[in-house]
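Asker: give me a model of this one.
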Amino acid sequence: MTQEQEQQQPYRRGMVVMAHADDAEFSCSGTVARWCREGMEVAYVIITDGSKGTEDRTITPESLSEIRRQEQINVGKVLGLKEVVFLGYPDAYLQPTLEVRRDITREIRRFRPDVLITANPTRSLNGSFYIGHPDHFAAGEAALSAVFPAARDHLTFPELLKEGLEPHKVREVLIVGNEHPDKWVDVTDTMEVAVRALLAHASQVGPEAVERMKAWRLEAGKGIGVAYAEAFKRFILA
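Answerer: Modelled structure (predicted):
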């Protein structure tokens, strides 16, 4: 198959790589729900254990981690995900290390996605109410470095070859939270599913989070003249 023929092949698998349970629901769950509805197989890779995100002094990190893990599994059922993978790195301490890059590369080579969504690897100082989470930047950097060149090159992480995981080229990367989006996905028909998915993270969000999520998608929808959209920075790699 030529490269041109390969580019014309419809996408069959998608992957979302994020730092925390609930990151994808805030940023791209409408797109994921649409993919699943259209018959794509979609996997989530959640890098951290979610053990820090609470103001409750009575809960242990281990208990919180298990709650958030189960919430994300429940979200997978709402959206129709093929699987959810948890890498288990400590929440709030994530760095884009070679170890993290290798573990994401392993999942890319195993699941072999055509398209991958991840976080913006750089901090935005636009606005005046949110400065960003360092885990998000680390997740984006590690995921992009796994896509290119680690997942592609057989000589990178040769131990993965010994596990039977052959190199894989991701065809398209979509980055959420970028200041200069150039791809919009109409999620008007999947907003109800996206809302249910977000609310499944009951330990983290309430109705006010839904209103923020809807407002972001309403604003993005103006870019393509639809009610609700999700916006991405797009890269075509293969």
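
Asker: what does stretch 171-182 rub up against?
Answerer: Applying Cβ atoms under 8 Å, 6 or more residues apart in numbering, the contact partners of stretch 171-182 are 6-7, 11, 27-28, 31, 114-121, 124, 126, 136, 140, 144, 147, 183, 220, 223, 230-238. The way it works is simple: take the backbone N, C-alpha and C, and place the C-beta from them, glycine included.

Asker: now swap in stretch 25-34 and tell me
Answerer: Under the contact criterion Cβ under 8 Å, 6+ apart, stretch 25-34 has outside partners 14, 16, 18, 24, 42, 75, 79-81, 117, 119, 174, 176-177, 185, 187, 189-191, 193-194, 197-198, 200-201, 209, 213, 217, 228, 230, 232.

Asker: could you rerun that using 7 Å?
Answerer: For stretch 25-34, contacts defined as Cβ atoms under 7 Å, 6 or more residues apart in numbering pick out 16, 24, 42, 75, 79, 117, 176-177, 185, 187, 190-191, 193-194, 197-198, 201, 213, 217, 228, 230.

Asker: before we move on, what about stretch 79-96?
Answerer: Stretch 79-96 is touched from outside by 19-20, 29, 32-33, 36, 41-53, 69, 72-73, 76, 100, 103, 107, 135, 138-139, 141-142, 145, 193, 197, with contacts defined as Cβ under 7 Å, 6+ apart.

Asker: now these: which count as buried?
Answerer: 19-20, 29, 32-33, 36, 41-51, 53, 69, 72-73, 76, 100, 103, 107, 135, 138-139, 141-142, 145, 193, 197 (16 or more other Cβ atoms under 10 Å).

Asker: so which of those are in helices?
Answerer: Those of the buried ones among the contacts of stretch 79-96 mapping onto helices are 29, 32-33, 36, 69, 72-73, 76, 100, 103, 107, 135, 138-139, 141-142, 145, 193, 197, per DSSP state H.
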